[in-house]
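> only the shape, not the letters, is given here:
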């Protein structure tokens, strides 16, 4: 355990000079990491896409549990308190050939408004064609890397457009994902999410929600969706590990209906889920 | 001055978690920073594209000179010794609202082979259309950011293809730049470089070379070039601050003629240039 306010990293670490590493953000509820094994699989997949050494899952699992235990001893992760941990693996100091890794944890902010009232999103061009992961794997589409300057820039662009979040669109008009979230739409009893062939992250929260929906008799599928498909759906959400399911209440400035009941059901499920 | 081997950065610094910052790499010859004012202008332009506070040029200039003086006192930057300094400005620790900045310096590697024998390049899709800087500024095309995981990934792809470096091509077939360099072609007495409208870096070394060529009566221009244009040119180089002018000796596995004399003339000029 390290003092969170101390310096930890050398300025030659490739995390700091090249954004050359991968990460996961894992929510913690009831002092347990949520969807941990899915996150660890995705962490390993991102590392492989960057030709980083395979993370040793047992070591990371142990480090995550140590950080959560420390958080719990200082902040009491009970009575519904939410927290998150972040795992980071970098290529290390240039020339050393030894990766750097750490786990950081803290209490979550309050996302009750985003989960109920919802969020206003704007659609922004991601620049890439929808098939870029297949044609140009060196662009690292679908890896959760530390090179997130664009994900930060689009959040500022959303603010300039009086919105709360962003939905990326491919250069050929296919909906992709949010900068830190996955899209889910509902049409009747069917949930839909953009397909895994699109060079986007394999959503851990989206997967949990699909299992929940299927247990209630709903159908689920992956597909290619346009902005028109989204606008024609009955409801939609950006879902992510820490904010959970945030209903979309406006798309590019046009109001969009919030499904209050299913938003509440999904978030209750995600908060109650323990593994 | 800090111990280079010590820890310096907090793991919550947005450089390390989001690649959220900008940098410049400035070569040092004869204990003087090369093209310093051009680098500082580009540093400020990158910061503006990321909505970072404007770097105070006088402070950075002073920090750069202090690092060079320290290098000179320990490594004797005389008799042709080459070195480089890197300036980094990050958004700082998330939530603090205070940027982090540092200057790092070290002696350069030996690039004599790259400058004479030359380099084998492969052309790789950058994923973006050539006009993305104009249509989608949030993609930060043309900013020198810390989010360079793709620039590192393409270097590994080049190695897999038995090449030394990469030349990015837009998704619509226009030559862009190298991951850390600028393209220059020569056709007769005319030098050409990809245009400033392409969402690429404003090359500091390319600008120096154009001034040199003009002083010798050559003409220079910016234009849109295809791979066929490159293959039809008399010679070509990837130019950058530290490696200087590296003649291209193969393009996608096909041998390409090296202009030994002009390569030598450019590199002699760049090494002799002092401001």
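Structure's in. What do you need? These numbers come from a predicted model, not from an experiment. Residues are numbered from 1 along each chain as shown, chains lettered A, B, ... in the order given.
> residue A:151 looks like it's in a helix, true?
Yes - Residue A:151 sits within a helix when classified using DSSP: H, G, I helix; E, B strand; the rest coil.
> what pairs with residue A:33 across the strands?
Counting by DSSP bridges, residue A:33 forms beta bridges with residue A:28.
> how about the residues of the stretch 101-250 of chain A by chain B?
Neighbours of chain B within the stretch 101-250 of chain A, by Cβ under 8 Å from any Cβ of the partner chain: A:102, A:104, A:124-129, A:132, A:135-136, A:138-141, A:143, A:145-154, A:156-157, A:171. For glycine as for every other residue, the C-beta is placed from the backbone atoms N, C-alpha and C.
> list buried residues within these.
Buried members of these, counted by 16 or more other Cβ atoms under 10 Å in any protein chain shown: A:102, A:104, A:124-129, A:132, A:136, A:138-141, A:143, A:145-154, A:157, A:171.
> mind checking which of those are in strands?
A:102, A:104, A:124-125 (DSSP state E).
> in CSV, list these along with pLDDT.
Below are those laid out as CSV (pLDDT from 0 to 100):
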residue, pLDDT
A:102, 97
A:104, 96
A:124, 98
A:125, 98
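> if you count neighbours, what's buried in stretch A:49-57?
Neighbour counts over stretch A:49-57 (16+ other Cβ under 10 Å) mark A:49-50, A:52, A:55 as buried.
> among these, which ones lie close to chain B?
Restricting those to those touching chain B (Cβ under 8 Å from any Cβ) yields residue A:50.
> nearest to chain B among the buried residues of stretch A:49-57?
Of all those, residue A:50 has the smallest distance to chain B: 6.6 Å, by Cβ to the nearest Cβ.
> show me the contacts for that closest one.
Shown in contact with residue A:50 (Cβ atoms under 8 Å, 6 or more residues apart in numbering or on different chains): A:20-22, A:91, A:140, A:143, A:145, B:149, B:152-153.
> contacts for stretch A:213-233 next, please.
The contact list for stretch A:213-233 (Cβ under 8 Å, 6+ apart) reads A:123, A:130, A:167, A:169, A:173-175, A:183, A:185-187, A:189-196, A:198, A:210, A:236, A:251-252, A:254, A:256.
> which of those are buried?
Among those, those that count as buried by neighbour count (16+ other Cβ under 10 Å) are A:123, A:130, A:167, A:169, A:174-175, A:183, A:185-186, A:191-194, A:198, A:210, A:236, A:251, A:256.
> what distance do you get for residue A:272 to chain B?
Relative to chain B, residue A:272 is positioned 29 Å away (Cβ to the nearest Cβ, to the nearest Å).
> which other residues reach stretch A:149-157?
Applying Cβ under 8 Å, 6+ apart, the external contacts of stretch A:149-157 come out as A:19, A:122, A:124, A:165-166, A:168, A:179-180, B:14, B:18-21, B:50-51, B:91, B:138-140, B:143, B:145-147.
> from what I can see residue A:103 touches residue A:89, true?
No - using Cβ atoms under 8 Å, residue A:103 is not in contact with residue A:89, being 10.2 Å away.
> of the two, which one has the most company?
The residue with more neighbours, out of residue A:103 and residue A:89, is residue A:89; 25 against 19, by other Cβ atoms under 10 Å in any protein chain shown.
> all strands for the stretch 151-275 of chain A, in order.
Using DSSP state E, counting those that start in this stretch, the strands assigned to the stretch 151-275 of chain A run over residues A:165-169, A:182-187, A:190-194, A:219-223, A:235-240, A:244-251, A:254-255.
> now the angle from the first one to strand A:190-194?
Regarding strand A:165-169 and strand A:190-194, their directions subtend 70 degrees when assessed with axes from the mean of the first three to the mean of the last three Cα atoms, to 10 degrees.
> before we move on, back to that, quick check, nearest of the buried residues of stretch A:49-57 to residue A:246?
Closest approach between those and residue A:246, by Cβ to Cβ: residue A:49, at 27.2 Å.
> the closest one reaches residue A:143, doesn't it?
Yes - checked against Cβ under 8 Å, the pair residue A:49 and residue A:143 is within contact range at 4.0 Å.
> and which of the ones in strands among the buried ones among the residues of the stretch 101-250 of chain A next to chain B is nearest to chain B?
Comparing these against chain B with Cβ to the nearest Cβ places residue A:125 closest, at 4.4 Å.
> from what I can see the closest one touches residue A:171, true?
Yes - using Cβ under 8 Å, residue A:125 is in contact with residue A:171, at 6.2 Å.
> returning to that earlier point: rebuild the buried residues of stretch A:49-57 as JSON lines, extending it with pLDDT and secondary structure.
Output for these, formatted as JSON lines (pLDDT from 0 to 100; DSSP: H, G, I helix; E, B strand; the rest coil):
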{"residue": "A:49", "pLDDT": "98", "secondary structure": "helix"}
{"residue": "A:50", "pLDDT": "98", "secondary structure": "coil"}
{"residue": "A:52", "pLDDT": "98", "secondary structure": "coil"}
{"residue": "A:55", "pLDDT": "98", "secondary structure": "coil"}
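> now the end-to-end length of stretch A:110-119.
By Cα to Cα, to the nearest Å, the extent of stretch A:110-119 from end to end equals 14 Å.
> who touches it?
Under Cβ under 8 Å, 6+ apart, the answer for stretch A:110-119 is A:163-165, A:238, A:242-249, A:258, A:260, A:263-264, A:267.
> would you write a ChimeraX line that selects the buried entries of these?
This is how ChimeraX selects the buried members of these, with burial counted by 16+ other Cβ under 10 Å:
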select /A:163,164,165,238,242,243,244,245,246,247,248,249,258,263,267
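> shaky segments in the stretch 1-150 of chain A?
The model of the stretch 1-150 of chain A has no residue with pLDDT under 70.
> what's the closest non-adjacent residue to the residue of it at minimum distance from chain B?
Taking Cβ to the nearest Cβ, chain B has its nearest neighbour within the stretch 1-150 of chain A at residue A:19, 2.6 Å off. Leaving out its chain neighbours, the residue that sits closest to residue A:19 by Cβ to Cβ, 6 or more residues apart in numbering or on different chains is residue B:19, at 2.6 Å.
> show me what contacts residue A:162?
For residue A:162, the contact set (Cβ under 8 Å, 6+ apart) comprises A:120, A:253.
> mind pulling up the pLDDT for it?
The model reports residue A:162 with a pLDDT of 98.
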